[in-house]
Structures are given as structure tokens and as C-alpha cells.
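Colleague: below: sequence and its predicted model.
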Amino acid sequence: MESLGPSWLSKPGPKPAVQVEGLFLSYAVLRDTTDSLSSLTARGFRPRQTKEVAALVDVSFTLQRGDSLGLIGHNGAGKSTLLQSIAGFLRPSRGTVLVSSQPQLLGIKAALNGNASGRQNIELGCLALGMKREMVTELVPQIAEYTELGDFIDLPVRTYSAGMRQRLSFAISTTQTPEILLIDEALAVGDKAFRSKSMQRLRSIREEAGVVILASHSMGAIKGACNKVLWLHNGEIAKFGDPDDVIAAYKKSERAVKRDVLQTSQRKR
Amino acid sequence: MVALDSQPSTADHSSELQPPGTAAPLPIYLKRVWKMRHYAYASARRGIASKNASNLLGNLWLLLEPAMLIGVYFVMFGLVVDISRGGVDFLPFLTVGMLVFTHNRRGIQLAAESLLTKAPMLKSFAFPRAILPLIATLNALFTFLVSLIVMFVVLPLLGTRPTLGWLWIIPLTGAQAMLNLGLGMILARMVLRFADVRSTLRYLFRLTIYASGVIFPIQDYLAEMDNSNLYLNLALINPFYSITHLFRWATLGTKPLTANLMIVTTMIWCVGALLVGTVWFVRGERRYSGAKTLIKF
């Protein structure tokens, strides 16, 4: 149903679904990581100083329904922080994030209870996602089967291997198809057979969801899935746009960095 | 994977852009909390069940723990230091006091630390954050209900017959849960900003155990002091003091002189803490991130 708003609201063209404008996000961390007795004396027993660390600096972009954005960048470039703030779990220090509906963040580090069984974790996870009781009862056996964990499904999760945990949390967090899906390095879960199964599941979610943002180090996965790519470098946008262009530029800079490292180490010798 | 086509789409395509996250005006927020009640209940029960999962005796510890706690204080204050000089029957006095106070202490501590201990949940799920202190409150409540078995066994053994007055346990327990949730939410927001509050809290509760007449009747000692009235009135402001004594009145039949005042104090504290706690916690909703570092605002 279209609402009768001012004319600029109903202008033709695709509606934005995710709008990030001038987003700054900084953490305050305690300046001295270890607090020794001498440093305590030196600052006269006053509280410790905090230091600001900029995680995101002036990030702006807009995504329409149907867009699929790949997030690339080195470790610590701010990819996860950006996903967290689009999900609304981190408050911007400055700037705004607007979405058309609450995004769902799919991370492989979803909270699992080690002392509960796999099945109990599925039940809790589904309830935590806000599903109705009856629906959960109906879904638990299906999800349990999907994980292919066999008899392990009724053993405590603390007895699971890392791969088994990943399968379990992947199965839980992909149960629903949200309108905006944020994926944090959740591709390639488990062994080869399960990996192709999970990739297929992700593809179908991507097709159903309105907007997908995918943070990954796998350029192949990004090229295959995204129509836009955003390259983050030290919290800033290094390049944003067509996947081929951005990935080519990213790889070029990576090669340059490698060359630099090589040259420095050779010079040292 | 799973047939979810039947599920109604949550997306309202005509809707305007909005900020993401779990913050909402109070009525909408409370509605969302209500919708998550099944999760809160299931999670609290799971938390209790898994606490003793690695112990051979398992959930028997839900009874052993309070029994041993009472035992330790009985040896210390009942046998080593003979406290029952004022004609107080020490063991029933201690049993009720310790069980009741442990409910408040555990509930408030668990709720105050809930945003820290469940930080990974904050990074994965978009439920209203008040669910976490609520789960903590329910966890403490269910544990207390089980530990009441100890009381129902110990008191008759010591010659206290159950009476209809024991039914007062129900509203008093409810009042405790309200106080736990309210104070827990207030502290949870503070703990997240200043982790130091968490460390302080433990010692505050150590002090409160003595200031609330849990182990020995402090009013006898306070009465001996110079400003006896001042100290007695101060004790009456302490909700844990009132709740402990009201529970003893219900179970042991020892009516305190200031019973009416205690009822009023308890009601004001419980309702007040829950109201203030809810408003204060919900207003800080956007600050509760799962980040390990402090976020500056």
C-alpha cells in the first residue's frame, strides 16, 4: 500500500533499503592494557585513561532492494563493525544508519550453550529469533536432520568439534529468511559435502531476501554473489562500486603490500 | 532447507526507513518482551539445568547448595559463636533468612551481570535486551522455588508446623522477583558502563547479609546503640531486612513489631525498583552492544 506522502517520497525508482550516511564509530579502550602498581602510583591513584580507536570513518552508501553487497578488506578493517552497526547492535558515534526492516546478522559464532544438547540449542536459538512456540516444536526435528549430526544431536554441545558447532549454528541462524541479511564470514561451513549444501542454502536465501551484505575474504564467493562491492581500509571506504573494478583494485594493492614487505625483508638481509 | 513459506513476511514494503536495532518506545518495547516470554522461560530453565551439568550429583545440588550454606553458617554462628542468646531458635531463624536472602542476592547479581555474561547473544539476536536480566531473574526464582524444599523439610523437623500463613510465601516471593528484576536492570546498565560496579557489588552483598538480619537478629544489637532509633529506622529502609522478617513472620510466626511499616517498605521498594529499573534500562537500550570494549557516548 502506497501512502500519500509528499511528492518527493513517491518519486519513481527503486527505494533504498539500507542507507548509511556519514557513519563514524569509535571505541574507547583503556589506554594501558595492563595496570601495574607503578603506573597506578604514577597517575596518583586516579581512574585509568581511555583512548579512542576509530573503527569506522565517514562511511556512506545506499543499497536498494535486490542489491547484494560484498564487503572486503583486511582483518581489522572494520567489516564486522560495519555489519554490527547496520544490525543496530553498535551505536554510531556520528552519522546515521537507516533500514527498511530489522536486519538479521548471520555469524558462525552464534551463541551456543555448551552444556545443552544440539537439539536443545536449536530450540533455544529458534525461540531467541522470536519464533512462536508451536512453530519451533515443528521445526526442531527438521533443523536437527539438516545438521547431519546423527546421534551427536542429543549430546552436549561441549563435546562437539569446531566444525560440528559451525554446522549447528549455521542451521539455526539460516532457519528464517529475513528481508535484510548480513553474513559475517559464514560461508564454507564444515566439510566438503556440508559446504556445498550450505552454499546452496545461502544462495536460496540470497534469492529470497531483499538485501544481502556479505563480508568475506573469498573473492570468488563475492564475485559469484554480489552486484556491488565495498572495500574497507582502516575503517574508511577505499573503493565502492562494480565488483570487478573494486576487487581488481584490492588485489593490486594487496600485491603492492606484499612487494613492499618482500623488499623490506630483503633489504634487511 | 526448511519450509518457511507459510510464515508471514515480516517486511512491510511500504514502510519508511528506520534506525535498526532493538530500541523502541516503552509500550512497543514491553509488547516485544512479552512476545519473547517463551524464550525467557526456556532459557532460564536451561540455565539452571546446565549449571550443574558437569557435577555427578547433577541437579541434586539445587538442594545441597542451600543446605550446605545453612550448615556452614549454623556451625559458625550456632555452635562456635553461640548466637541464640536472646531466646531465638537459631536454626529455623537462619534457614529462612539464608534461603530468602540468597534468592535476592543471586537474582540481583545474575541480572546485573547478564549483559556481560551473555554478550555473545547481543551480537547474534535482535531481541529486546531486557530479556537478559529477565532470564536471570527467572533463573534465581526457579532455583529459589526448588530450595524451598529444604525449608519445607527442615522447619517441620525442628518442630514448626506448616500453617495457612505459609501461603504468604507466594506474594512475598513475587515481591522479591520484582525487586530483583528492578534493581538488576538498574545495575546491569551501570555494570556495562563501569565494570568496577560488578566487583563492588559482591562486597556490598557481604555487608547486606549482616545488615539485613539474615544470620542474627540485628535489632537486638541496634537497640543497644546510642542512636538506637536512627539505626533501627535505617534498617527498616533496607528492603532485604523487611523481606527477610516478613518471610520469618509467615513461616515461623514471629511477628515483627514494625510489621506494617515493613510491608509498606517492601511494596514501595518492589514497585519503585521495577518502574525505575524498566524506564532506566529501556532508555539505555542502544548502549547495550556485545562489544568487548567500552563504547564511548
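Modeller: Yep, it's here.
Colleague: hey, let's count contacts and neighbours off CA atoms from now on
Modeller: Fine.
Colleague: B:Q18 reaches A:T96, doesn't it?
Modeller: No: using Cα atoms under 8 Å, B:Q18 makes no contact with A:T96, being 10.0 Å away.
Colleague: burial check on B:Q109, number of neighbours?
Modeller: Counted by other Cα atoms under 10 Å in any protein chain shown, the residues lying close to B:Q109 total 23.
Colleague: whoops, I mixed them up, B:F216
Modeller: Count around B:F216 with other Cα under 10 Å applied: 22.
Colleague: quick one: classify it as helix, strand or coil.
Modeller: coil (DSSP: H, G, I helix; E, B strand; the rest coil).
Colleague: could you pull up phi and psi at it?
Modeller: phi -140, psi 150 (degrees, to the nearest 10).
Colleague: now for it: which residues touch it?
Modeller: B:83, B:90, B:93-94, B:210 (Cα atoms under 8 Å, 6 or more residues apart in numbering or on different chains).
Colleague: name the nearest residue to the one residue in chain B that gets nearest to chain A, sequence neighbours excluded.
Modeller: Nearest residue of chain B to chain A, counting by Cα to the nearest Cα: B:G21, 3.8 Å away. Spatially, and ignoring its direct neighbours in sequence, B:G21 is nearest to A:G88 (3.8 Å; Cα to Cα, 6 or more residues apart in numbering or on different chains).
Colleague: equivalent analysis for B:G284, please.
Modeller: Using Cα to Cα, 6+ apart, the nearest residue to B:G284 is B:R189, at 7.3 Å.
Colleague: so what pLDDT did that neighbour get?
Modeller: At B:R189, the pLDDT value in this model is 94.
Colleague: mind listing the helices for chain B?
Modeller: Using DSSP state H, the helices of chain B run over residues B:26-35, B:37-51, B:61-73, B:90-117, B:119-124, B:131-157, B:169-193, B:196-211, B:218-223, B:228-237, B:239-252, B:259-283.
Colleague: quick one, the first one and helix B:259-283 angle?
Modeller: Per axes from the mean of the first three to the mean of the last three Cα atoms, to 10 degrees, the angle that helix B:26-35 makes with helix B:259-283 is 100 degrees.
Colleague: distance between helix B:26-35 and the chain's centre?
Modeller: Relative to its chain's centre, helix B:26-35 lies at 22 Å (Cα atoms, centre = their mean, to the nearest Å).
Colleague: now it and helix B:131-157, what's the angle there?
Modeller: Put simply, helix B:26-35 runs at 60 degrees to helix B:131-157, going by the same axes, to 10 degrees.
Colleague: before we move on, what about the last one?
Modeller: Angle of helix B:259-283 versus helix B:131-157, following the same axes, to 10 degrees, is 160 degrees.
Colleague: for the single nearest residue of the stretch 51-200 of chain A relative to chain B, phi and psi?
Modeller: Of all residues in the stretch 51-200 of chain A, A:G88 sits closest to chain B, at 3.8 Å by Cα to the nearest Cα. Backbone torsions for A:G88, taken as degrees, to the nearest 10, come to phi 90, psi 10.
Colleague: that one reaches B:K123, doesn't it?
Modeller: No: counting by Cα under 8 Å, B:K123 is not a contact partner of A:G88; they are 9.7 Å apart.
Colleague: related to what we said a few turns ago, just list the residues touching the residue of chain B closest to chain A, thanks.
Modeller: A:87-89, A:102, B:126, B:286.
Colleague: which of the residues you listed ranks first by neighbour count?
Modeller: Neighbour-wise, the contacts of B:G21 (other Cα under 10 Å) top out at A:A87, 29 neighbours.
Colleague: looking at that residue now. What's its pLDDT?
Modeller: 93.
Colleague: now swap in B:A11 and tell me
Modeller: For B:A11, the pLDDT comes out at 41.
Colleague: one more: B:G184?
Modeller: 97.
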